[in-house]
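**Q** return atomic coordinates for the entry below.
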Amino acid sequence: MRNVFPAVIYLAATTAACEVTSAAASSLTLGPLLRQLTYSRPPSSILLRPSTAISITSALAAKCARVIGLSVSDTLELFFHSAGAALPEQFFAVWSLVRTKALAPVLMVLVAACLFMSVMLMVEVTSMATVSLAVKLLRCRPEKRYKWEPIKADEETGSLAYPMVLVQIPMYNEKEVYKLSIGAVCALTWPQDRIIIQVLDDSTDPAIKDLVALECKIWASKGANITYEVRDNRKGYKAGALKKGMEYTYVQQCEFVAIFDADFRPGSDFLMRTIPYLVSNSHIALVQARWEFVNYSECLMTRIQRISLDYHFKVEQEAGSSTFAFFGFNAYMWQKRFLNLLLLIIGTAGVWRIPAIEEAGGWKDRTTVEDMDLAVRAGLKGWKFLYVGDIKVKSELPCTFKAYRHQQHRWTCGAANLFRKVALDILIAKNVSIWKKFHVLYSFFFVRKIITHIVTFLFYSVVVPASVLVPEVKIPLWGVMYIPTSITLLNALRNPRFIHIMPFWVLFENVMSLHRIKATLIGLLETGNVNEWVVTEKLGEAPKANPENSKPEATSTKFRDRINFTELGFAVYLLFCASYDVVYGNNYYYIYLYLQAFAFIAIGFGYAGASGSKS
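**A** So this is what the prediction gives:
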């Protein structure tokens with residue numbers, strides 16, 4: 001009860017002060033307001049009835065918010081009127097002519113195009129969510145569709161009952177995680193004489209190379225069949241390393257190859273659970289596991305990444321695999337009647353059948369998404385792919401914005417560039433049905449990898465704000481409100497644990513769409529840094545072992561390095577459009593525009609991701 005009275009006093013004083021400010025701006029008489037501020041006090045009944053106190057407090061808060069809102073609106077209106085008064089009258093005549101004759105027609109075309117693309121995306125997302133939900137309710141599991149029998153050794157065959165498996169770990173200056181990945185792979189439950197562990201080290205730092213080589217020797221002394229392989233160049237980056245690794249003579253004895261990036265840590269039973277699918281089903285080229293993230297709680301950005309990747313695995317992969325769809329690393333036909341859909345599985349934490357890789361032409365370094373490239377070529381050869389969501393492999397999410405931005409550029413640019421390279425091959429493929437060709441090109445490449453990035457940025461960060469400045473252009477409510485809300489809700493259905501941060505996910509993804517549309521255009525046009533490969537920064541267990549390492553460096557140079565001027569430029573644009581909408585608009589776009597502008601500002605000043613970074 002003692003806390004209520006000061007709160008009411010504070011709100012009453014604040015409200016009166018706001019009224020004084022508003023009245024001053026409107027040239028009202030200040031005397032009555034000052035007298036009210038001086039002599040007014042809360043009624044004594046507040047001390048006796050808490051419900052009345054809460055009611056009065058709420059009313060005062062609402063009144064205060066209204067007065068502040070009016071004051072802000074009046075201030076913005078005064079700003080625009082003052083700015084307009086400083087401009088010559090001819091400017092407004094020219095602006096009106098340019099707006100109606102040039103800008104409005106172009107903007108109308110962009111609105112129509114964005115609405116059409118939004119409908120395309122909505123249909124795709126809805127179909128995926130519907131199938132994924134059905135799979136969840138009907139409990140469709142891979143074991144029910146494919147033959148799976150555990151591999152068992154007997155007295156006659158012994159370890160020969162287990163097929164020979166190659167495990168590849170590509171690395172590049174992985175000082176923070178090399179011990180974790182090598183240790184996890186060496187702990188796999190599999191006969192040591194039936195497995196070859198291949199560490200493909202492209203490190204350029206001699207000290208790190210010595211550490212990785214020493215770690216391999218330590219495990220070899222413990223009985224692990226591990227080899228340490230290096231190249232004299234980094235041609236082809238990861239694809240080049242994997243291709244070189246397949247050329248060693250000892251690989252010829254292997255039937256399957258499992259691939260783990262340096263930050264991936266498979267469970268000890270990984271091979272025991274995946275290899276039986278390949279042994280019992282000769283038409284399957286790859287068994288792909290689900291990713292599990294060890295550092296998703298590091299910061300808000302890693303939680304947002306988990307939402308996006310969980311949606312990818314829980315919805316896209318689950319839906320595609322369960323409908324026997326043809327996509328990235330999953331290709332199936334369901335009674336030859338179900339429409340084929342193309343999605344992506346990122347090529348690590350999976351087991352390939354080596355003959356399938358060879359038939360598809362092996363690893364190629366023509367794009368930065370070598371895994372997707374191999375999957376498309378293998379799929380066109382008729383091989384099938386299986387996603388098993390129950391098998392999880394631990395991995396690490398980028399926890400700095402710089403690392404995440406480089407990763408997204410590589411994935412987005414590589415997919416768009418691959419579309420440019422394989423579109424004709426898909427069209428002329430002889431062993432692929434027309435429906436499969438259509439869905440590979442349309443569903444995966446066009447909608448999921450191009451349209452998504454274009455419409456997210458162009459519509460919500462460019463066209464919608466610009467429509468505020470051009471009143472001749474009207475955007476239907478279903479396009480600007482219903483469709484994005486529905487897509488967000490469909491995403492949230494499979495991420496109920498993170499529904500409270502979905503608004504932050506929307507704002508962050510819209511900011512990232514700026515970088516993704518840039519990467520998409522670079523990939524499609526094959527210009528600039530189309531083949532740029534920046535290895536994603538990893539921290540391993542360093543933050544836990546040394547908490548002081550996660551503290552930001554308090555130097556001015558470090559702060560300047562964190563500033564992203566592109567994001568700040570768009571923040572200014574959005575703030576201007578939002579403020580203009582407050583004064584002259586007849587809709588509520590400014591609510592979204594202000595929130596999005598603040599997101600651009602936060603990321604523009606480097607307040608995204610964990611504070612500790614090596615960069």
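**Q** how long is stretch 148-159 end to end?
**A** 19 Å (CA to CA, to the nearest Å).
**Q** what mean pLDDT does that stretch have?
**A** Here stretch 148-159 scores 82 as its mean pLDDT.
**Q** and that stretch, how far from the chain's centre?
**A** 42 Å (CA atoms, centre = their mean, to the nearest Å).
**Q** stretch 380-391 now?
**A** 23 Å.
**Q** so which bits of that stretch are buried?
**A** By neighbour count on 16 or more other CB atoms under 10 Å, the buried set for stretch 380-391 is 380-381, 383-389, 391. The C-beta positions use only the backbone N, C-alpha and C, and glycine is treated the same way.
**Q** so which of those residues sit within helices?
**A** residue 380 (DSSP state H).
**Q** ok, which pair from the buried residues of stretch 380-391 is furthest apart?
**A** 380 and 391 (26.3 Å; CB to CB).
**Q** which ones are touching residue 393?
**A** Contacts for residue 393 were tallied using CB atoms under 8 Å, 6 or more residues apart in numbering; they are 260, 264-267, 270, 289-292, 349.
**Q** assign a three-state SS to it, would you?
**A** Following DSSP: H, G, I helix; E, B strand; the rest coil, residue 393 is assigned to strand.
**Q** and the residue lying closest to it once chain neighbours are set aside, how far from residue 388?
**A** Take residue 393 and drop its neighbours on the chain: the residue closest to it by CB to CB, 6 or more residues apart in numbering is residue 349, 4.0 Å away. Using CB to CB, to the nearest Å, one gets 11 Å for the distance from residue 349 to residue 388.
**Q** any weak-confidence spans in the chain?
**A** 1-73, 76-77, 79-81, 83-87, 135, 139-140, 143-144, 314-347, 539-561, 611-615 (pLDDT under 70).
**Q** which residues are contacting stretch 362-375?
**A** Contacts for stretch 362-375 (CB under 8 Å, 6+ apart): 235-240, 242-243, 246, 286, 328-329, 344-348, 357, 360, 385, 410-411, 413-415, 417-418, 421-422, 531-533.
**Q** just the residues you listed: which are in helices?
**A** Using DSSP H, those in helices are 237-240, 242-243, 357, 410-411, 413-415, 417-418, 421-422.
**Q** now, the most widely separated pair of the residues you listed?
**A** Every pair of the ones in helices among the contacts of stretch 362-375 checked by CB to CB; the farthest is 357 and 413, at 24.0 Å.
**Q** please say which of those two ends up with more neighbours.
**A** Between residue 357 and residue 413, counted using other CB atoms under 10 Å, the more crowded position is residue 413 (28 against 22).
**Q** spit out the contact partners of that one.
**A** With the criterion set at CB under 8 Å, 6+ apart, residue 413 makes contact with 368, 519-520, 522-523, 529-530, 532.
**Q** kindly write the ChimeraX command that selects the buried subset of these.
**A** Buried members of the contacts of residue 413, defined by 16+ other CB under 10 Å, are picked up in ChimeraX with:
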select :368,519,520,522,523,530
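**Q** now, which of the contacts of residue 413 lie within helices?
**A** 519-520, 522-523.
**Q** the strands in the stretch 101-250 of the chain, which residues?
**A** 165-171, 195-201, 226-230 (DSSP state E, counting those that start in this stretch).
**Q** ok, which of those strands comes nearest residue 486?
**A** strand 165-171 (39.9 Å).
**Q** elements contacting the closest one?
**A** With contacts taken as 3 or more CB pairs under 8 Å, 6 or more residues apart in numbering; DSSP states H and E, strand 165-171 sits against helix 178-186, strand 195-201, helix 237-245, strand 256-259.
**Q** list of residues touching that strand?
**A** Outside strand 165-171, the residues touching it (CB under 8 Å, 6+ apart) are 178, 181-182, 185, 188, 190, 194-203, 212, 238, 241-242, 245, 251, 254-262, 271, 275, 351, 354.
**Q** now the buried members of those.
**A** Of the contacts of strand 165-171, these count as buried by 16+ other CB under 10 Å: 178, 181-182, 185, 188, 190, 194-203, 212, 238, 241-242, 245, 251, 254, 256-262, 271, 275, 351, 354.
**Q** now the contacts of residue 393: which count as buried?
**A** With neighbours counted by 16+ other CB under 10 Å, the contacts of residue 393 contain buried members at 260, 264-267, 270, 289-292, 349.
**Q** dump the residue contacts of the residue lying closest to residue 405 once chain neighbours are set aside.
**A** Once flanking residues are discounted, residue 405 sits nearest to residue 515: 5.6 Å by CB to CB, 6+ apart. Residue 515 makes contacts with 405, 408-409, 412, as judged by CB under 8 Å, 6+ apart.
**Q** residue 515: what secondary structure?
**A** Per three-state DSSP, residue 515 ends up helix.
**Q** so how far is residue 402 from it?
**A** 11 Å.
**Q** repeat for residue 429
**A** 39 Å.
**Q** how about residue 487, nearest residue that isn't a chain neighbour?
**A** Per CB to CB, 6+ apart, closest to residue 487 is residue 125, 5.3 Å.
**Q** any residues in contact with both of residue 349 and residue 388?
**A** With CB under 8 Å, 6+ apart, residue 349 and residue 388 have common neighbours 288-290.
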